[in-house]
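*Asks:* Have a look at this prediction, sequence included:
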Amino acid sequence: MDIRQAVLSILEHAASQDPRQVALAEELLRDWEIKPMFHATVFDIFADRSLPMGVRWLAIISFKNNIDKYWKKTAQHAIQIDEKELVRPRLLDYFDEENPQLAIQYCVAVSRIARWEFPRVWPEFVDVLTARIQEIVGKYNANNPDRFQTMEHNVLYTLHLFVKVMCQRTLEIERQALKKLTPVVFGIIAPVYVERIRQFNDSLQSGSSEQFQGLLKSIRLCVKTMRRLFAYGYRKSEPIGDIAIEFYKASIDHQSAFYNLYASLQPESRESADGLQLRKIILLYGKIYLEFQKSDAIRFITMDCVKTMLEWYWIQLKIEAPKLVSLANDTDNPPETTLEPLLIQGIELYRNVVKNFYYMVDEGVEMDSSVKRCRQVIDNEIIVPEFVAQMAELLINYYIPLKPKDIEMWQNDPEAWVVEEESDYWEFDIRRSAERLFVDVIDQHREQMVPQLRHMIWNIQMSSDPNTAFFQREGLYAALGLCANQLYDDMDFCQWLKDHPIVDSPMGAVKWRIAWLVGKWVPVKFPASERGNAYSLLLLLANANEPLIVRMEALTSLIRCIDNDWDFNTEQFKPYLQQSIQMIIGVLGDVNKAESHMRIVGFMSTLVCRMQRDIVPYADSIMNLIPSLWQRAAEENLYQTTILALVAKLAEALGTQSVALQPFVVPLIQHSIDLDNPAHVYLLEDGLDLWLALVRNGSTIVPTVRALLQNIPKLLQYSTETLKKVLKIIEANLLIDGASIFTEYGRMLLHGLCDLVADKNLTARAIAAGYATLNVLVQCVPLEICIKPLTESNGLWLAFTHIVDKNEEAMVLVHHAGFMSRVAVSYPSLFSEFLASQDTAITKVFVENWIDLYDDVGQITQQRLFAVGLAVAIATTNVGVLQNLDSMVPIWNDIMSNTGSSLVYFADADDDLPEDSDDMIAENQRRKTMLANDPVHKFDIKQILTQSMSECERLNGPERFQEIVAQVAPADFEDFKTQISQ
């Protein structure tokens with residue numbers, strides 16, 4: 001059986017209805033796809049139209065999917081050149097494929113191959129493709145228009161995909177290729193576009209709609225291709241081609257004509273195939289302007305037709321505006337805008353003109369001529385003062401108020417509305433897009449607009465129609481909150497709030513807006529004397545009698561006042577703390593969606609974090625929530641992370657009283673850090689944070705929390721991203737009760753830490769963190785408990801051999817040497833015995849390298865540790881140590897001259913501990929105690945040196961001691977004696 005028959009047989013089985021045959025065929029295809037001539041064969045099968053459609057479809061799918069995997073010549077199992085040569089000549093011969101599914105896959109496959117081959121391997125691709133376009137367009141046959149349109153659509157779609165890829169390329173050779181092909185493509189596609197527009201107009205006039213769909217599809221493909229080329233095909237420093245400019249200018253008229261046609265359709269006709277094509281084409285024109293504005297903002301403004309285009313959008317914004325706030329008589333079918341995305345495009349176009357980096361110059365900087373011209377056009381022709389006032393008024397009255405659909409959604413699904421409101425997809429929502437435009441307009445025209453806006457807000461003129469009055473007031477209130485940063489110097493918001501007692505309004509929307517307003521103004525400008533009134537107002541709006549949407553917004557604003565207010569005073573807020581917790585708990589019980597629960601639990605976390613010790617009286621009521629919340633969040637991992645964060649903050653706030661939480665939260669931590677639990681991917685980091693918070697803040701550790709240490713070995717090997725937290729957890733446990741912890745879990749911890757620092761794949765920073773934890777272990781655990789496990793773990797031998805071999809960079813070796821120095825200081829007898837057990841020559845090399853690494857130590861604390869370690873080490877008869885005395889003395893002289901007899905404690909840096917929280921975190925006191933008992937800082941180094949030298953003389957005898965001292969340079973030794981006697 002030849003390769004074609006074999007592959008064809010596999011594809012036939014893959015196209016069967018038998019799941020077992022399909023699974024077997026898929027496995028065989030994975031084996032075959034790396035064999036020579038496979039891809040040429042599946043392409044040949046696709047090209048054979050005598051075969052069943054399902055087989056051909058699987059063939060082209062397989063061909064397309066493997067292009068990115070194997071077509072690139074550097075890929076593993078790359079397709080060979082001779083196989084590519086079989087495919088390439090026939091690649092552009094099947095644009096007459098009539099099956100839409102096959103045609104799409106074929107066009108994508110062609111564009112993907114062009115992506116890898118043009119312009120380096122197949123520079124003729126553009127010429128061949130454009131020739132095919134001209135050939136297909138020239139073969140138009142009125143007797144068989146469907147076949148012609150199929151071919152045209154396929155070839156235009158392929159060109160569009162190819163141009164889309166080219167516009168995303170950044171290499172210079174590819175940018176040059178794009179520059180060359182842009183005028184070529186415009187020269188071929190523009191005539192096709194113009195002709196199809198003419199044919200469409202003729203069909204409209206004749207009343208024949210049979211070809212509408214095909215003509216509109218061709219027009220859309222032409223526009224999609226040319227819009228990308230217009231935005232990215234010409235460099236900013238080079239002129240745009242005449243054909244491209246003509247297309248751009250004509251697009252404004254064409255967009256208007258298509259829009260008028262679309263607006264004339266009945267609502268049901270707009271949802272038809274032709275209506276949807278019209279909609280896409282209209283919006284495509286808007287994308288041309290937006291992309292051009294983004295890619296070349298200067299040239300966008302200086303184009304002659306920019307004013308005409310922006311004016312057309314402004315007209316549509318004015319015409320459609322009343323529909324946005326109209327309630328109509330039929331509440332089930334309120335009037336809809338003709339094309340809301342078009343209005344959003346207009347808003348974005350104006351926003352990018354009102355405030356754009358390219359049109360601004362810092363004060364005192366000379367303005368570039370092109371920027372100066374843009375400013376003249378904008379200030380004198382587009383955004384003139386009269387227009388600014390009109391735009392602000394239009395936005396306030398129609399665009400930034402809440403819409404009827406918002407009010408309706410509040411009633412039907414308020415939680416979903418809140419989630420949508422907080423999302424980042426504002427560019428798809430007309431109200432939120434308009435809000436950004438309004439803020440930019442006020443910000444860029446403060447002198448003109450701030451006084452007008454202030455006057456409008458203070459002197460609201462209400463319409464007699466209640467619906468109109470509602471939207472007028474809603475728009476002004478929205479403006480007041482959105483522009484708080486612009487109005488704060490000219491507006492007394494507190495007085496305004498007193499003069500407008502609208503909290504008693506029966507309308508939930510008004511109460512919602514007031515709650516929103518307070519949250520906007522308190523972080524900006526709100527006197528300390530009035531903040532209590534703000535808290536009271538928000539808590540009043542959060543009570544259970546109000547609509548859920550109002551209560552949620554009141555809590556949102558309350559938390560914003562707490563979290564974002566630089567002048568927040570915990571003492572001032574304490575009278576409102578209990579009620580705040582009650583309101584949060586109340587809303588938490590009334591919401592249903594997981595997103596809402598996460599949001600409200602996040603509020604509680606912020607409250608706990610800001611109030612700290614003041615939260616202690618209410619800790620029980622908060623903890624009583626956790627079991628039910630955790631149960632409800634069983635299948636919501638992100639929700640569980642929010643709960644873990646809340647408990648961690650509560651543990652920090654409780655301080656030493658957090659011991660009461662330990663038995664309660666152990667199951668939560670175990671569930672989060674269990675690496676066999678798939679949910680650990682989401683929960684691990686927050687679970688470790690909670691564990692660390694408990695141990696850091698507790699005065700003791702209950703057995704169940706200690707038992708969590710059994711997870712440490714796996715966690716140490718899991719990921720470097722969580723390694724630092726795991727090590728801090730080990731340190732925190734040791735600092736509480738090192739002897740007890742080590743007795744129970746010491747061997748396991750030592751082996752895990754030694755394996756960690758021995759891992760050559762880790763970075764120097766990770767190894768340093770591992771040794772920092774080992775140093776804490778040595779300082780917290782008595783020698784009699786640690787000696788045997790430390791010896792059996794080979795930790796000393798590991799560091800010793802690394803220093804002797806000296807095969808690593810100094811930045812790594814200093815950490816091995818630092819550990820040996822720590823052992824020498826804390827366990828001097830063990831250190832001496834260890835060196836005594838080594839060969840003298842090797843010991844001499846070890847001490848030499850140890851001394852050499854001193855100059856690579858950056859921190860004074862570590863230098864002092866090295867010096868004290870060497871000082872302790874000389875109290876020996878070991879020749880390998882004493883032969884290096886001449887190199888040790890300069891180090892001691894350096895340390896004594898730098899630190900003298902200073903007893904200042906040098907605390908190790910800890911990024912996780914806030915600088916001002918020493919009294920709040922129990923572990924900080926334990927670290928201070930550990931440092932206070934550290935010989936490196938507790939004793940004067942001169943005293944240590946005097947004792948070590950005396951012990952060395954006693955052990956070696958006076959004569960031998962004089963021989964040892966004689967090897968030191970006289971000047972160094974005199975300096976040593978002088979400093980040690982001071």
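*Replies:* Structure received. This structure is a prediction, so every number in the text was calculated from the model and none was measured.

*Asks:* what's the neighbour count on Ile729?
*Replies:* Residues lying near Ile729 (other C-beta atoms under 10 Å) number 24. The C-beta positions use only the backbone N, C-alpha and C, and glycine is treated the same way.

*Asks:* So what touches stretch 279-295?
*Replies:* Under the criterion C-beta atoms under 8 Å, 6 or more residues apart in numbering, residues 216, 219-220, 223-224, 226-228, 230-232, 248, 251-252, 254-255, 258-259, 262, 270, 299-300, 309, 339, 341-342, 345-346, 348-349, 352-353 lie in contact with stretch 279-295.

*Asks:* and Ala653, how far is that from Met391?
*Replies:* Relative to Met391, Ala653 is positioned 49 Å away (C-beta to C-beta, to the nearest Å).

*Asks:* ditto for Arg220
*Replies:* Separation of Arg220 from Met391 (C-beta to C-beta): 32 Å.

*Asks:* What of Asp852?
*Replies:* Using C-beta to C-beta, we find Asp852 at a distance of 73 Å from Met391.

*Asks:* Report the contact partners of Ile175.
*Replies:* Not Ile; residue 175 is Arg. Contact partners of Arg175, counting by C-beta under 8 Å, 6+ apart, are Arg169.

*Asks:* For it, identify the helix or strand it belongs to.
*Replies:* helix 172-206 (DSSP states H and E).

*Asks:* Could you list the buried residues of that helix?
*Replies:* Within helix 172-206, the residues scored as buried using 16 or more other C-beta atoms under 10 Å are 174-175, 177-178, 181-183, 185-186, 188-190, 192-197, 199-200.

*Asks:* after it, next one along is what?
*Replies:* If you walk from helix 172-206 toward the C-terminus, the next helix or strand you reach (DSSP H and E) is helix 212-232.

*Asks:* which SS state does Val524 fall under?
*Replies:* Following DSSP: H, G, I helix; E, B strand; the rest coil, we place Val524 in the coil state.

*Asks:* residue contacts, it?
*Replies:* Applying C-beta under 8 Å, 6+ apart, the residues near Val524 are 484-485, 488.

*Asks:* Looking at neighbours, which among those is most surrounded?
*Replies:* Within the contacts of Val524, Ala484 tops the neighbour count with 20 neighbours, counted by other C-beta under 10 Å.

*Asks:* Relative to Leu517, how far out is it?
*Replies:* Between Ala484 and Leu517 the distance is 8 Å, computed by C-beta to C-beta.

*Asks:* can you list residues touching both of those two?
*Replies:* Common neighbours of Ala484 and Leu517 (C-beta under 8 Å, 6+ apart) are Phe493.

*Asks:* re earlier: just the buried residues out of the contacts of stretch 279-295, in PyMOL syntax.
*Replies:* For the buried members of the contacts of stretch 279-295, the matching PyMOL selection, counting by 16+ other C-beta under 10 Å, is:
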select buried, resi 216+219+220+223+224+226+227+228+230+231+232+248+251+252+254+255+258+259+262+270+299+300+309+339+342+345+346+348+349+352+353
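
*Asks:* follow-up on the earlier one: tell me the mean pLDDT for the helix holding Arg175?
*Replies:* In this model, helix 172-206 has an average pLDDT of 93.

*Asks:* And for the closest residue to Ile729 other than its chain neighbours, the neighbour number?
*Replies:* Once flanking residues are discounted, Ile729 sits nearest to Leu692: 5.2 Å by C-beta to C-beta, 6 or more residues apart in numbering. Neighbours of Leu692 under the rule other C-beta under 10 Å: 23.

*Asks:* which element is Leu692 on?
*Replies:* Leu692 belongs to helix 680-697, assigned by DSSP H and E.

*Asks:* which parts of that helix are buried?
*Replies:* Neighbour-count burial for helix 680-697 flags 680, 682-697 (criterion: 16+ other C-beta under 10 Å).

*Asks:* for stretch 21-37, same thing?
*Replies:* Residues of stretch 21-37 classed as buried: 25, 28-29, 32-33, 37 (neighbour count, 16+ other C-beta under 10 Å).

*Asks:* Go through these and flag which are in helices.
*Replies:* Using DSSP state H, 25, 28-29, 32 are the members of the buried residues of stretch 21-37 that sit in helices.

*Asks:* Relative to Thr606, which of those is nearest.
*Replies:* Nearest to Thr606 among these, counting by C-beta to C-beta, is Leu29 at 53.9 Å.

*Asks:* for that closest one, what are its contacts?
*Replies:* 10-11, 14, 62.

*Asks:* now for the residues you listed, which pair is the farthest apart?
*Replies:* It's Ile10 and Ser62 that sit farthest apart of those, by C-beta to C-beta, at 9.6 Å.

*Asks:* SS state for the residue sitting nearest the centre point of the chain?
*Replies:* In the chain, the centroid-proximal residue (C-alpha atoms, centre = their mean) is Asp424; its distance is 12.5 Å. Look at Asp424: counting by three-state DSSP, its state is coil.

*Asks:* Please report how far it lies from His751.
*Replies:* 47 Å.

*Asks:* and the contacts of Leu29, which of them are in helices?
*Replies:* Those of the contacts of Leu29 lying in helices (DSSP H): 10-11, 14, 62.

*Asks:* Do a quick rundown of the helices in the stretch 701-850 of the chain.
*Replies:* Using DSSP state H, counting those that start in this stretch, the helices of the stretch 701-850 of the chain run over 703-707, 712-718, 720-757, 764-780, 783-792, 795-805, 810-826, 828-836, 840-852.

*Asks:* Kindly report the same for the stretch 1-150 of the chain.
*Replies:* Under DSSP H, counting those that start in this stretch, the stretch 1-150 of the chain gives helices at 3-14, 19-32, 38-47, 53-70, 81-87, 100-117, 125-138, 145-168.

*Asks:* check which helix or strand covers Gln662.
*Replies:* helix 662-673.

*Asks:* which other helices and strands contact that helix?
*Replies:* Packed against helix 662-673, as judged by 3 or more C-beta pairs under 8 Å, 6 or more residues apart in numbering; DSSP states H and E, are the following elements: helix 626-632, helix 637-654, helix 680-697, helix 703-707.

*Asks:* Gly869: which of the buried residues of stretch 21-37 is nearest?
*Replies:* Using C-beta to C-beta, the shortest approach to Gly869 within these belongs to Glu33, at 61.5 Å.

*Asks:* What's the separation between that closest one and Ala47?
*Replies:* Distance of Glu33 to Ala47, computed by C-beta to C-beta: 18 Å.

*Asks:* And Lys593, by the same measure?
*Replies:* Counting by C-beta to C-beta, the gap from Lys593 to Ala47 is 52 Å.

*Asks:* Give the ranges of residues in the stretch 451-600 of the chain that sit below the confidence cut-off.
*Replies:* Low-confidence segments of the stretch 451-600 of the chain, defined by pLDDT under 70: 461-464, 501-506.
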